[in-house]
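Participant: model the structure of this input:
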Amino acid sequence: MTLRRRTLKRDKFVRLAVYQPDIAQNLGAMIRLCACFGVPIDVIEPCGFPFSVKALRRSAMDYADIADITRHNDWEAFLKCHDASRIVLLTTKAPKSLWNFNFESDDILLVGRESAGVPTKVANNSDEMLLLPMPGGGRSMNVAMSAGIALGEAMRQVGFWNET
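Facilitator: Just a heads-up that it's a prediction; the model follows:
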């Protein structure tokens, strides 16, 4: 299911994909992030909550109305739509730092479930796996915050901020 709200005038987009989100508030925050940055977001279902305006209202507010959201029934449906793009998974299990990676303009940044990340088959289908270093010693950051940091860095590298 596609909910196209707005199309920006760029040939290629860095995208954000969210694999089976558990917490509506985190997905809402990522929808808001993508709406503000003008970046498409893919939601790979099933979600751990009913995907509805009501479930997302508190965190996404009215930003869902201007976000470019594409819903996919499952992982396989997502792959069929994005087989030409590089999938970059953000995970605490990655060997490579986000800060030592060169993003491309059509990369898809993928984040996993808050409770479990992504299954092995999803990790194995990713082209790259990146870690967001946490020198303070924490186990992991909030998924929406991690997505925002990574998306901002990817957009900086591909020159998005030079266009605005």
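
Participant: ranges for the helices of this protein?
Facilitator: Along the chain, counting by DSSP state H, helices occupy 24-37, 53-60, 75-81, 120-124, 143-157, 160-163.

Participant: weakest of the ones you listed by average pLDDT?
Facilitator: Lowest mean pLDDT of those: helix 53-60, a mean of 62.

Participant: before we move on, the earlier item: of the helices of the chain, which approaches residue 131 most closely?
Facilitator: Each of these has some distance to residue 131 by C-beta to C-beta; the shortest is helix 143-157, at 10.0 Å. In this view, the C-beta of every residue, glycine as well, is placed from N, C-alpha and C.

Participant: got the buried residues for the closest one?
Facilitator: Along helix 143-157, the positions that meet the burial threshold by neighbour count (16 or more other C-beta atoms under 10 Å) are 143, 144, 146, 147, 148, 150, 151, 153, 154, 155, 157.

Participant: ok, so of those, who is nearest residue 118?
Facilitator: Minimum distance to residue 118 across the buried residues of helix 143-157 is 11.4 Å, recorded for residue 143 (C-beta to C-beta).

Participant: tell me how many other residues surround residue 94.
Facilitator: Residues within reach of residue 94, counting by other C-beta atoms under 10 Å, total 18.

Participant: then the one 3 residues further on?
Facilitator: Each residue near residue 97 was counted by other C-beta under 10 Å, and the total is 11.

Participant: and what of the one 3 residues further on?
Facilitator: Per other C-beta under 10 Å, the neighbour tally for residue 100 reads 9.

Participant: doesn't residue 89 make contact with residue 123?
Facilitator: Yes - the pair formed by residue 123 and residue 89 meets the contact definition of C-beta atoms under 8 Å, at 6.1 Å.
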